[in-house]
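Visitor: sequence unavailable; structure follows:
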């Protein structure tokens with residue numbers, strides 16, 4: 001298990017690095033988008049290449065950042081259910097979900113995405129728009145993104161199994177902190193529950 005946990009740590013480090021890179025891609029996309037808008041509005045100068053690089057960068061953010069999101073435990077969960085379950089139950093559900101759904105889905109999409117990239121690479125496919133960009137880099141994001149997600153899925157599976165086996169204290173690398181809104185809702189719900197309980201006790205004492 002310790003060897004597997006070391007493998008998990010190496011995958012986590014890889015996705016931490018990719019996550020930091022993705023943050024810079026977001027900045028690049030914003031700067032290019034703003035510059036393109038200024039040039040078009042102020043000087044009536046436009047470029048299909050600049051327009052396309054924007055969605056290339058957005059595609060890179062979503063495809064390459066999925067593993068980082070999984071690592072940071074920031075993906076979408078059904079909170080009102082998972083919050084009521086124990087860590088052990090959540091870890092077991094995660095492990096089953098990773099094995100049954102996430103890894104097979106990644107394998108299928110890698111298998112489907114690679115030939116699309118390969119055809120674009122061999123043919124030198126270009127954008128149909130005048131002055132557009134070559135297509136293979138954005139096609140590569142499909143298999144690459146799902147490969148990164150699959151690697152992180154393996155890392156997360158190792159953590160869940162290690163937790164279930166008692167070799168790890170927490171099933172997640174990062175426990176997502178609750179927002180101020182979520183904390184306020186929980187506080188109001190607790191106050192309402194306490195008020196209801198007090199009223200019920202008062203009625204019982206009167207009767």
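Guide: Perfect, I can see it now. Because the structure is predicted, anything quoted here is derived from the model rather than measured. Numbering: from 1, shown residues only.
Visitor: please count neighbours and contacts with C-alpha atoms only from this point.
Guide: Noted.
Visitor: avg pLDDT for the biggest helix by length in the chain?
Guide: When the chain is scanned for its longest helix (criterion: DSSP state H), the result is helix 2-43. Mean pLDDT, helix 2-43: 89.
Visitor: now it: how far from the chain's centre is it?
Guide: Counting by CA atoms, centre = their mean, to the nearest Å, helix 2-43 is centred 13 Å from the centre of its parent chain.
Visitor: do you know the pLDDT at residue 103?
Guide: Residue 103 is assigned a pLDDT of 96 by the prediction.
Visitor: what comes into contact with the helix or strand encompassing residue 94?
Guide: Residue 94 is part of helix 87-97 when elements are defined by DSSP states H and E. Residues from elsewhere that reach helix 87-97, judged by CA atoms under 8 Å, 6 or more residues apart in numbering: 82, 157, 160, 161, 163, 164, 171.
Visitor: hang on, the last one in a helix?
Guide: No - secondary structure assignment (DSSP: H, G, I helix; E, B strand; the rest coil) places residue 171 in coil, not in a helix.
Visitor: residue 157 is in contact with that one, correct?
Guide: No - with contact defined as CA atoms under 8 Å, residue 171 and residue 157 do not form a contacting pair (9.1 Å).
Visitor: where does the chain dip in pLDDT?
Guide: Low-confidence segments of the chain, defined by pLDDT under 70, span residues 76-80, 82-83, 174-186, 207.
Visitor: how about the helices in it?
Guide: The residue ranges that make up the helices of the chain, judged by DSSP H, are 2-43, 48-64, 66-71, 79-82, 87-97, 103-123, 136-164, 180-206.
Visitor: for residue 129, find the nearest of those.
Guide: Closest approach to residue 129 among these is made by helix 48-64 (6.8 Å; CA to CA).
Visitor: can you list contacts of the closest one?
Guide: For helix 48-64, with CA under 8 Å, 6+ apart as the criterion, the contacting residues are 18-19, 22-23, 25-26, 28-29, 32-33, 36, 129-133, 138, 141-142, 144-146, 148.
Visitor: would you mind getting the angle between that helix and helix 2-43?
Guide: Angular relation of helix 48-64 and helix 2-43 on a 0 to 180 degree scale: 160 degrees, by axes from the mean of the first three to the mean of the last three CA atoms, to 10 degrees.
Visitor: report the inter-axis angle for helix 48-64 versus helix 136-164.
Guide: Angle between the axes of helix 48-64 and helix 136-164 is 20 degrees (criterion: the same axes, to 10 degrees).
Visitor: what residues of helix 48-64 count as buried?
Guide: By neighbour count, with 16 or more other CA atoms under 10 Å as the criterion, the buried positions of helix 48-64 are 50-54, 56-61, 63-64.
Visitor: reformat the residues you listed as TSV; add distance to residue 13.
Guide: Output for these, formatted as TSV (distance: CA to CA, whole Å):
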residue	distance to residue 13
50	32
51	33
52	31
53	28
54	27
56	25
57	22
58	23
59	22
60	19
61	18
63	18
64	14
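Visitor: closest to residue 2 out of these?
Guide: residue 64 (27.6 Å).
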